[in-house]
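Student: coords please:
(one chain, ligands or ions: 3)
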Amino acid sequence: MHPAIHLIGLPTDQNSSFERGAAKGPAVIRAALWSDRGNISCESGLEIGRDIELVDHGDLPLTDHDCAADDAMIADAIAGIMAQGGLPLALGGDHAVTFPLVAAVAAHHGPLNILHFDAHPDLYEDFEGNPRSHASPFARILEGGHAKRLVQLGIRTLNRHCREQAARFGVKIIPMAGFNPAQVPVLDGPLYISIDLDGIDPSEAPGVSHPEPGGLTVREVLAVLARQKGPLVGADIVELNPAHDQNAVTATLAAKLLKELASFSQVNKTDF
Ligand SMILES: NC(=[NH2+])NCCC[C@H](N)C(=O)O
Ligand SMILES: [Mn+2]
Ligand SMILES: [Mn+2]
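Tutor: Ligands and ions are numbered 1, 2, ... in the order given. Got it, this is the predicted structure:
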């Protein structure tokens with residue numbers, strides 16, 4: 001039996017650096033998902049609702065100023081989804097949400113294989129004095145023992161500190177120079193996928209707070225996803241900033257990735 005996809009919105013950008021705006025992401029991603037401009041089919045031909053069960057929990061009533069309280073609320077919500085045998089698919093919000101998300105999924109499945117798409121490694125010990133910064137979630141995840149393996153791709157802003165952090169934690173970073181989807185390891189389960197939309201090139205994903213030229217194409221992201229073995233036990237799509245979007249193309253991309261993650265979780269995957 002394939003798991004139902006449990007959608008949950010996390011409208012928070014309290015841990016964003018440089019600028020806020022990602023808290024508005026969940027609402028516009030849902031609007032794009034159900035817009036008549038498109039339809040609800042995946043590239044596999046599966047359709048959300050007809051072939052793939054989708055349970056939408058709406059947005060969590062996060063405080064967006066009390067990080068500890070919000071982390072606890074996220075942990076409780078994910079534990080509830082896991083208890084039902086569901087597959088949590090979270091909509092950010094900034095990337096700080098991935099720490100409590102991964103910790104809650106790992107509490108159920110044990111340490112995870114994580115595939116992380118991003119322009120940024122998000123491995124800072126702390127950023128601007130904030131250890132829960134959206135630039136630090138993977139340092140917290142690795143310190144907490146929640147990952148068996150972390151593979152990062154799309155990374156193109158790696159500074160000395162984050163290179164040292166990656167070496168410290170044994171993170172595999174696939175270089176963007178000469179990138180080919182076949183270079184990305186095939187991960188088995190329990191697999192968690194985290195997509196920061198700024199990992200995709202700004203020409204295809206302008207609606208982000210930290211656009212970085214020279215990113216992944218959408219087609220490359222889908223090619224990497226198709227190669228993965230799984231099973232998928234959780235995922236998130238984060239860092240959409242609607243203030244910078246153009247014709248809702250980034251929101252539409254987030255909705256497309258939501259559908260393709262849902263499809264991936266159902267197609268020829270062993271139960272988890
Ligand atoms: N995950 C992020 N968006 N990090 C924000 C970038 C932090 C800092 N400006 C850098 O380029 O390293
Ligand atoms: Mn990023
Ligand atoms: Mn990120």
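Student: Return the residues in contact with the residue lying closest to Asp196 once chain neighbours are set aside.
Tutor: Take Asp196 and drop its neighbours on the chain: the residue closest to it by Cβ to Cβ, 6 or more residues apart in numbering is Asp118, 3.9 Å away. (Each C-beta comes from the backbone N, C-alpha and C, glycine too.) The contact partners of Asp118, taken as Cβ atoms under 8 Å, 6 or more residues apart in numbering, are 95, 152, 154-155, 194-196, 198-199.
Student: try 6 Å this time
Tutor: Each residue near Asp118 by Cβ atoms under 6 Å, 6 or more residues apart in numbering is listed here: 154, 196, 199.
Student: Quick one: name the residues of the stretch 51-200 of the chain near ligand 3.
Tutor: Neighbours of ligand 3 within the stretch 51-200 of the chain, by Cβ under 5 Å from the ion: 95, 118, 120, 122, 196.
Student: In strands only, show me those residues.
Tutor: Judged by DSSP state E, those include Asp196 as members of strands.
Student: Could you list the low-pLDDT ranges of the stretch 151-272 of the chain?
Tutor: 268-272 (pLDDT under 70).
Student: Around ligand 1, pick out the residues from the stretch 101-250 of the chain.
Tutor: Residues of the stretch 101-250 of the chain found near ligand 1 (Cβ under 6 Å from any ligand atom) are 120, 122, 134-135, 157, 210.
Student: okay, the residues you listed in a markdown table with neighbour count and distance to Trp34 next?
Tutor: Formatted as a markdown table, these follow (neighbours: other Cβ atoms under 10 Å; distance: Cβ to Cβ, whole Å):
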| residue | neighbour count | distance to Trp34 |
| --- | --- | --- |
| His120 | 25 | 30 |
| Asp122 | 28 | 30 |
| His134 | 31 | 27 |
| Ala135 | 26 | 32 |
| Thr157 | 14 | 34 |
| His210 | 22 | 28 |
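Student: Show me the two of those that sit farthest apart.
Tutor: His134 and Thr157 (13.3 Å; Cβ to Cβ).
Student: Write out the residues of the stretch 51-200 of the chain neighbouring ligand 2.
Tutor: Within reach of ligand 2 by Cβ under 5 Å from the ion, the stretch 51-200 of the chain has these residues: 118-120, 196, 198.
Student: From those residues, pick the one nearest Ser263.
Tutor: Among those, Asp196 lies closest to Ser263 (Cβ to Cβ), at 20.5 Å.
Student: what sits opposite that closest one in the beta ladder?
Tutor: Val238 (DSSP bridges).
Student: mind listing what it touches?
Tutor: Going by Cβ under 6 Å, 6+ apart, Asp196 touches 95, 118, 238-239.
Student: For stretch 139-146, buried residues please.
Tutor: For stretch 139-146, the neighbour count (16 or more other Cβ atoms under 10 Å) marks 139-142, 146 as buried.
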